[in-house]
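Undergrad: below: sequence and its predicted model.
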Amino acid sequence: MPIFQPELETLPRPQLKALQDERLREQVAYAYERVPFYRAVLEGAGLKPSDIRGVEDLPKLPFTRKKDLRDTYPFGLFAVPRHQLARIHASSGTTGKPTVVGYTRGDLEVFAEVVARSLAAAGAEPGMMLHNAYGYGLFTGGLGLHGGAERLGMVVVPVSGGMTDRQILLIQDLRPEMISCTPSYAQTLAEEFRRRGVAPEEISLQYAVLGAEPWTEAIRKSVEEGLGVKATNIYGLSEIIGPGVANEDVGERDGLSYIWEDHFYPEVVHPETGEPLPEGQVGVLVLTTLTKKAMPVLRYWTGDLTYITREPGASGRTHARMAQVQGRTDDLLIVRGVNVYPTQIEAVLLQIPEVAPHYQIVLKRERTMDEVELKLELSEAFFREVGAQMLSDEVIEADHRLAALRDKVAHKVKDNIGVSVRVSLIAPGTAPRSEGGKLKRVADLRNLG
């Protein structure tokens, strides 16, 4: 596929490093001069801006964390006065006040540029139509993808999230070539097309750009088969810019996404010590903006668990690549002393053809003991095979195939992750589904206060 900005995306690494060093020096000096928070951070660490000469000096700086954005709410990390902003976005604020981010007009141009690179990597070309099912509003996804698609020269259908009947209607009538949404919502759409008897080859979509939540190869397979598309991962977060920090190449689709390193410098550090980790080792992704003006961010602790490689991919791009996010440090579930990430359970389910990649983890505490229930959908084929009309405990115990499957799942989870679960088998279509936003797969009902 064509590369949107080959002069930058294929820049030889020595030149890319020189550009990063120059931009980092400028960004640190800019943040020190304009953001009191960063002036205090540098001075508290005994540093002057001139002490940060290049990216190898970044570990001298403390991390910036989400708490810092909340503590300086709403505009405390901004480097420009409010009247110089062009746009404001914010998180949902479901755990308190939202985190607020701002953009100058120049920042929005960078935003559109990196999203255009991402869409081109995902298979988009000028003149194609994008069905954009990311939510519009304070969430950066909808407007972020919209601006990048227009920058690339695409036709944008700003559908936003939810209202699945309308989504299906517009895809069938307008016949877009590409869709952008969360992976769980892409699964929802694929299931709805199948329910209506629409075969994948009858759907106009060719490419899917999916992100905003962790997903696995099992989900990619189900989306690609269900919608007849080639699906790639787009990565981003509002604190850095929004979607478009990184994207897979559609010709590779190997779980590694190119990070646009001329704008965002990546590190991977140990989740507990914060020490830098070598390439290929899983840790927390830390990002530093190199060109942002409204809200420069130095060493932002994303909480996302991944690894980085600078081995070149087949596309010819020279930028570092990050693996699919394996989970988040704040997604970590500690169950009877065992660390568990939902994606670990999903990886186990991938090995069991009788079940679908739709599930919910329910955590309860009986007295002092954690109890884990895994509500797990049967695959449609197996559901038909066993002729199940209902899946009560009595029915499962009476049918040796269902009882054996329940035991098989519980044993595999125990063997691979080290935690005991009670498996509840449920009918296809009954696990929680995305309606356009991020899908919540964990219901933690424990009172841990």
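TA: Received, thanks. Numbers count the residues shown, from 1 in each chain.
Undergrad: for the rest of this, base every contact and every neighbour count on C-alpha atoms.
TA: OK.
Undergrad: helix/strand/coil for Lys364?
TA: Under DSSP: H, G, I helix; E, B strand; the rest coil, the three-state class of Lys364 is strand.
Undergrad: so what's the residue count around it?
TA: Lys364: 16 surrounding residues under other Cα atoms under 10 Å.
Undergrad: over to Arg384?
TA: Counted by other Cα under 10 Å, the residues lying close to Arg384 total 11.
Undergrad: let me know the distance separating it from Tyr359.
TA: Per Cα to Cα, to the nearest Å, Arg384 is found 19 Å from Tyr359.
Undergrad: and what of Leu61?
TA: Look at Leu61 and Tyr359: by Cα to Cα, they are 41 Å apart.
Undergrad: residues contacting stretch 51-63, please?
TA: 20-22, 24-25, 28, 41-42, 45, 265, 276, 298-301 (Cα atoms under 8 Å, 6 or more residues apart in numbering).
Undergrad: let me see the ranges of the strands in the stretch 301-449 of the chain.
TA: Assigned by DSSP state E, counting those that start in this stretch, the strands in the stretch 301-449 of the chain fall at 308-309, 321-323, 327-328, 333-335, 338-340, 355-366, 369-378, 422-426, 442-444.
Undergrad: picking that back up, more neighbours: which of Leu61 and Tyr359?
TA: A direct count of neighbours by other Cα under 10 Å for Leu61 and Tyr359 places Tyr359 higher, at 25 against 17.
Undergrad: so the more buried one is in contact with Ala431, correct?
TA: Yes - applying Cα atoms under 8 Å, one finds Tyr359 in contact with Ala431, separated by 5.7 Å.
Undergrad: joint contacts of the two?
TA: Residues touching both Tyr359 and Ala431 (Cα under 8 Å, 6+ apart): Lys375, Leu376, Glu377.
Undergrad: can I get those residues in TSV with neighbour count and distance to Pro2?
TA: Formatted as TSV, these follow (neighbours: other Cα atoms under 10 Å; distance: Cα to Cα, whole Å):
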residue	neighbour count	distance to Pro2
Lys375	21	43
Leu376	24	41
Glu377	22	40
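Undergrad: distance to Leu333 and pLDDT added to those, as TSV?
TA: Below are those laid out as TSV (distance: Cα to Cα, whole Å; pLDDT from 0 to 100):
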residue	distance to Leu333	pLDDT
Lys375	17	90
Leu376	18	88
Glu377	22	87
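Undergrad: and stretch 293-311, what's its mean pLDDT?
TA: Mean pLDDT, computed over stretch 293-311, is 96.
Undergrad: low-confidence ranges in the stretch 301-449 of the chain?
TA: Confidence mapping of the stretch 301-449 of the chain against pLDDT under 70 gives the ranges 332, 334, 336-337, 366-369, 387-398, 435-438, 447-449.
Undergrad: just the helices in it please.
TA: 342-349, 380-386, 393-398, 400-417 (DSSP state H, counting those that start in this stretch).
Undergrad: the longest one packs against which elements?
TA: In terms of contacts (3 or more Cα pairs under 8 Å, 6 or more residues apart in numbering; DSSP states H and E), helix 400-417 is packed against helix 342-349, helix 393-398, strand 422-426.
Undergrad: got the contact list for that helix?
TA: Helix 400-417 is contacted by residues 340, 344-345, 348-349, 352, 354, 386, 396-397, 419-425 when judged by Cα under 8 Å, 6+ apart.
Undergrad: may I see the buried residues of that helix?
TA: Leu402, Ala403, Leu405, Arg406, Val409, Ala410, His411, Lys412, Val413, Ile417 (16 or more other Cα atoms under 10 Å).
Undergrad: Val355: neighbour count?
TA: Residues near Val355, counting by other Cα under 10 Å: 24.
Undergrad: does Glu239 belong to a helix, a strand or coil?
TA: Assigned with three-state DSSP, Glu239 falls in the coil class.
Undergrad: pretty sure it sits against Gly102.
TA: No - the criterion here is Cα under 8 Å, and Glu239 misses it with Gly102 at 9.1 Å.
Undergrad: the two: who's more crowded?
TA: Neighbour count, other Cα under 10 Å: between Glu239 and Gly102, Gly102 has more, with 28 against 24.
Undergrad: how close does the more buried one sit to Pro296?
TA: Separation of Gly102 from Pro296 (Cα to Cα): 10 Å.
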